[in-house]
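# Here you go, sequence then predicted model.
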Amino acid sequence: MKLLTVILLFINLLVIVKSQTHKGCFSIVEFDGDKNLTTPQIFINVKNISKYGGVNLRVSISIPPYVSIKNYEDAISVVNQTENQLESSNNSMSIKWKFIFPEDIRTELLEIAVNEEVYECRDTEDYPRILNYQYYLPLEKNPRDTVVNEVCSKPKDIGNIKNFSTTSDPSQWPWLALIFSRTNDTRTHVCSGSFITNRHVLTTASCVLSNNGLEIGYKITELVETDYDNTTAVYYKLKNLRIHPHYGSNLEANIAILEITDDDIETRNIDQVCIWSLPEAGELYMTDWNEEKQFQQLKFVINKTVDCLDMYPNVLANDNSPFLSEDDIFCATVIDKNTSYYNYFSKEGNGLVAYDSDNDEYYLRGMLTSFFDVYSADGFFINLEEYYTWIKHATETMY
């Protein structure tokens, strides 16, 4: 009898200790052991997740104050349902927030369920790790649009490009971006670039660092003096920019990534080009306006960089580039001598696009950093394959 009394007292003591145990703002609650009457509950406060995730969900999400879990399978189902409900709540909007539990957070939720613990977190700033993270991703209808090389757009009229007409329609190259320096109501085209995601433009560091009041123009179909106003044009403000840490000259890591503002996110409908990562380049094209304000398409062939440097020895002589290697740049020459490249006012940052016939895809092979002189058909291009890792990392860490 005495032994039974001691055992009962010990069990009661365990219950009291466990009921008073806390993990952050989570209080662990003891159950009576009757699984038919009580089940573990995980409280997920959506407003608090939004607040501490740094994201405005923009709509009211109706989720019960708790969800019931009876076993491991239920726990998996609840986690998946929560993700889906948070994501689908914005389906009526042009932009949606995709809610993703990281793997370690999912594991922690499942462990909570298996251990039959009730976690509550109401009206307190002492939020645990499980609710204090930033795994919201702002996405378009296709979430891959925000990632480099996940969506590869194609020109609008591939037949015309393959037949090679030197005159072209800007809409055929849907990733083309123009970068302007704006003063009052006047926009001056200072360089060009390429959309590599639906929010990032790749261009040269030398351009963006030497100009103020930058704006990014998209769907520019007509060049009108220095102000490119037309009915299809869209202008984006600059939110952020990142310069390659080794940038030191026109040839050395002359790369900048521009991020457009979130204010434009609901009207954004941008095609993007993938960056070349294949061993050999096929047909090469570059586009821009010439002096006669005609939008033209130029065809290039790659030359040996050493040969170009021999022809233009002053290029490296005037370039202080301690990190520059021969692999970082390449030389290319306009093929069609009948084009108006002698009047060519091509801007730095222009993308040189390679056609991959095996996959019928177009990739950004290089980026113009400079022509050798006004009347030259030869130009130096940044070899984007060498910088792909940095470009991808930079776009993913600029938010």
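Cool, got the structure. Computed from a predicted model, the values in this text were never measured in an experiment.
# where's Cys308, which helix or strand?
Of the helices and strands defined by DSSP states H and E, Cys308 is found in helix 305-311.
# Same question for Val190.
Using DSSP H and E, Val190 falls within strand 186-195.
# That strand pairs with which strands, and in what direction?
Strands flanking strand 186-195 in the sheet, each with its direction: strand 176-183 (antiparallel), strand 200-203 (antiparallel) (DSSP bridges).
# Quickly note the distance from the residue nearest to Arg182 when sequence neighbours are not counted to Ser181.
In this structure, Arg182 finds its nearest non-sequential neighbour in Gly213, 4.4 Å apart by Cβ to Cβ, 6 or more residues apart in numbering. (Each C-beta comes from the backbone N, C-alpha and C, glycine too.) Using Cβ to Cβ, to the nearest Å, we find Gly213 at a distance of 5 Å from Ser181.
# Repeat that for Thr305.
Applying Cβ to Cβ, the value for Thr305 to Ser181 is 31 Å.
# so Glu385 sits in a helix?
Yes. Counting by DSSP: H, G, I helix; E, B strand; the rest coil, Glu385 falls inside a helix.
# Settle this for me: it is touching Ile275, isn't it.
Yes. In this structure, Glu385 sits in contact with Ile275. The criterion is Cβ atoms under 8 Å, and the distance is 7.4 Å.
# of these two, who's got more company?
Between Glu385 and Ile275, counted using other Cβ atoms under 10 Å, Ile275 has the larger neighbour count: 23 against 20.
# how far does stretch 366-377 stretch from start to finish?
As for stretch 366-377, its first-to-last residue distance stands at 16 Å under the measure Cα to Cα, to the nearest Å.
# typo on my end, stretch 199-214
Counting by Cα to Cα: the opening and closing residues of stretch 199-214 are 15 Å apart.
# What residues of that stretch count as buried?
By neighbour count, and taking 16 or more other Cβ atoms under 10 Å as the criterion, the buried residues in stretch 199-214 are Arg199, His200, Val201, Leu202, Thr203, Thr204, Ala205, Ser206, Cys207, Val208, Leu214.
# State the pair within those that is farthest apart.
Longest distance between any two of these is 22.4 Å, between Arg199 and Ser206; criterion Cβ to Cβ.
# tell me which of the buried residues of stretch 199-214 is nearest to Val190?
Checking those against Val190 with Cβ to Cβ, the nearest one is Cys207 at 5.9 Å.
# isn't there a helix covering the closest one?
Yes. The assignment for Cys207, made by three-state DSSP, places it in a helix.
# Quick check: the closest residue to it other than its chain neighbours vs Lys347, distance?
The spatial neighbour of Cys207 that comes closest, neighbours along the chain excluded (Cβ to Cβ, 6+ apart), is Cys191 at 3.5 Å. To Lys347, Cys191 is 5 Å away according to Cβ to Cβ.
# what ranges do the helices span in the stretch 251-399 of the chain?
Using DSSP state H, counting those that start in this stretch, the helices assigned to the stretch 251-399 of the chain run over residues 305-311, 314-317, 384-396.
# Please list the outside residues in contact with the longest one.
If I follow you right, that is helix 384-396. Judged by Cβ atoms under 8 Å, 6 or more residues apart in numbering, the contacts made with helix 384-396 from elsewhere in the structure are 147-149, 196-197, 200, 202, 242, 244, 253, 255, 257, 275-277, 327-328, 364-367.
# State the pLDDT value of the residue nearest to Ala256 when sequence neighbours are not counted.
With Cβ to Cβ, 6+ apart as the measure, Ala205 is the residue that lies nearest to Ala256, at 4.3 Å, once sequence neighbours are left out. The predicted structure scores Ala205 at 91 on the pLDDT scale.
# got a list of what the closest residue to Ile196 other than its chain neighbours touches?
Residue nearest to Ile196 in three dimensions, not counting chain neighbours: Leu202, with 5.0 Å by Cβ to Cβ, 6+ apart. Neighbouring residues of Leu202 by Cβ under 8 Å, 6+ apart: 193-196, 255-257, 349, 351, 364, 367, 384, 391.
# Let's see that with 6 Å instead.
In this structure, Leu202 makes contact with Gly193, Ser194, Ile196, judged by Cβ atoms under 6 Å, 6 or more residues apart in numbering.
# same question, Tyr285
The neighbourhood of Tyr285, defined by Cβ under 6 Å, 6+ apart, consists of Gln297, Lys299, Val353.
# possible to save those residues as TSV with pLDDT?
Below are those laid out as TSV (pLDDT from 0 to 100):
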residue	pLDDT
Gln297	77
Lys299	81
Val353	88
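# Mind checking which of the residues you listed are buried?
The neighbour count (16+ other Cβ under 10 Å) marks Gln297, Lys299, Val353 as buried among the contacts of Tyr285.
# Just the ones of those residues in strands?
Gln297, Lys299, Val353 (DSSP state E).
# returning to what we had before: can you tell me which of the contacts of helix 384-396 are buried?
By neighbour count, with 16+ other Cβ under 10 Å, the contacts of helix 384-396 hold 147-149, 196-197, 200, 202, 242, 244, 253, 255, 257, 275-276, 328, 364-367 as buried.
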